[in-house]
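In: Here's my sequence, what's the structure:
(2 chains)
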Amino acid sequence: MGIEQWLGLLTGIAFGFLLQKGRVLRFDKQVGALLLKDMTIFKFMLSAIMVGMVGILFLADQGIITLSHKPMNVGPILIGGALFGAGWAVMGFCPGTSVGAMGEGRWHALFAILGMIAGAALFAELYPFFVSTVYTWKDFGGIGLPETLAYSPWIIVAVFWVVVIAMFLFFEKKGL
Amino acid sequence: MQSKTNNGGWSPYLAGALLGLLAVLSVYATTQLMGKSTYLGASTTFVRAAGFIEQMFVAEHVATNEYFVKTRVVVDWQFMLVTGIFLGALISSVSDRSFRLEAVPPTWQKRFGPSTVKRALGAFGGGIVAMVGARMADGCPSGHGLSGMMQLSVSAFVSLVMFFSIGVVVAAFVYKRRS
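Out: Sure thing, here's the model as predicted:
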């Protein structure tokens, strides 16, 4: 293993540790969020985004790191996003948490992992077809919200923080 | 806000904020040590895993398939990241005694009963659909949900809206008893 692999492994161990401590790996937490009964995974994800966005946008602003926006390709984002949402609700895990759920003993996640490997193999076969169909509708490329809205990223971050804190207060008030 | 939850875990706000710090540190470290800013993600690893398995049976097909060629079937940073998630969750759950062998989760059992086979089929079938979607959308709740949102990517906002809105509709349909 080279430095790239070691770095990935160590980062992953910390990632998995925090996912498990936050108790967000479990099927009941994931499906609980989709049933709008338990907002634990929202609290966890949104907290991570709030902190992470400040650091990442700052480092990018200083030219220390580079941003890498995934393409806003309308067809695949809408259809792929919908398929993911549907599969996620039944599976009760997402790709990252399935592996973590195995780590904390929830071994039915193994079938989710196998299903996702099969899904990846299926996608590899269907890729040429998708490229000539849904991928051709409208591709805006890798774009960020600041340049799209012509606002400073820091204004967007401030609005994001205010909205998310309001959501957190609402969750706590409702005991979600 | 409590720093501990009643299931022995950490406050999701605290654990989430620490993950935010980890995400920043990770982008910095990959930029410095690998020469390329690399963001947290998970779903591409499943393509590589499929590639490795197919290589055992149809190696020449993997070598010529457009998507496998584009993705490159190698053990890269993200592949080890996903391996690390397993280990990190194992270490955390064994050390705080929250490790449990579970075949059928409570919410599933309430709706579909205790059958392990039914749960396995649901997980497998859901996994196929979800991964076709994640690869098409070019990301999952890690790549879009965490990394994309942190960068304020437009694709992340739209993907997350799709993930959750369709997820909420399908979950309501699947888990609520029709009475």
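
In: for chain A, what spans make up the helices?
Out: A:3-21, A:27-34, A:40-61, A:74-91, A:95-103, A:109-132, A:145-149, A:153-174 (DSSP state H).

In: Kindly compare burial across those and name the winner.
Out: helix A:95-103 (a mean of 30; mean count of other Cβ atoms under 10 Å in any protein chain shown). C-betas here are computed from N, CA, C, even on glycine.

In: Over to stretch B:146-165 now: how far is its first residue from its last?
Out: 17 Å (Cα to Cα, to the nearest Å).

In: just to revisit the earlier point, can you put the helices of chain A in TSV and add distance to chain B?
Out: Listed next are these as TSV, based on distance: least, Cβ to the nearest Cβ, whole Å:
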stretch	distance to chain B
helix A:3-21	2
helix A:27-34	4
helix A:40-61	3
helix A:74-91	3
helix A:95-103	3
helix A:109-132	2
helix A:145-149	4
helix A:153-174	6
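
In: Take those helices and write them to JSON lines, including mean pLDDT and distance to residue B:96.
Out: Listed next are the helices of chain A as JSON lines, based on pLDDT from 0 to 100; distance: least, Cβ to Cβ, whole Å:
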{"stretch": "helix A:3-21", "mean pLDDT": "98", "distance to residue B:96": "8"}
{"stretch": "helix A:27-34", "mean pLDDT": "97", "distance to residue B:96": "16"}
{"stretch": "helix A:40-61", "mean pLDDT": "98", "distance to residue B:96": "17"}
{"stretch": "helix A:74-91", "mean pLDDT": "98", "distance to residue B:96": "26"}
{"stretch": "helix A:95-103", "mean pLDDT": "97", "distance to residue B:96": "13"}
{"stretch": "helix A:109-132", "mean pLDDT": "98", "distance to residue B:96": "19"}
{"stretch": "helix A:145-149", "mean pLDDT": "95", "distance to residue B:96": "38"}
{"stretch": "helix A:153-174", "mean pLDDT": "97", "distance to residue B:96": "24"}
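
In: Export those helices to CSV and append columns for distance to residue B:65.
Out: CSV is the format used below for the helices of chain A (distance: least, Cβ to Cβ, whole Å):
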stretch, distance to residue B:65
helix A:3-21, 24
helix A:27-34, 31
helix A:40-61, 33
helix A:74-91, 18
helix A:95-103, 20
helix A:109-132, 5
helix A:145-149, 34
helix A:153-174, 39
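
In: Any idea which of these gets closest to residue B:166?
Out: For residue B:166, the closest of the helices of chain A is helix A:74-91, at 3.1 Å, according to Cβ to Cβ.

In: right, and the helices of chain A - which one's nearest residue B:85?
Out: helix A:3-21 (3.7 Å).

In: helices and strands around the closest one, which ones?
Out: helix A:95-103, helix B:12-34, helix B:77-95 (3 or more Cβ pairs under 8 Å, 6 or more residues apart in numbering or on different chains; DSSP states H and E).

In: any idea which of the ones you listed is most buried?
Out: Taking mean count of other Cβ under 10 Å, helix A:95-103 is the most buried of these, at a mean of 30.
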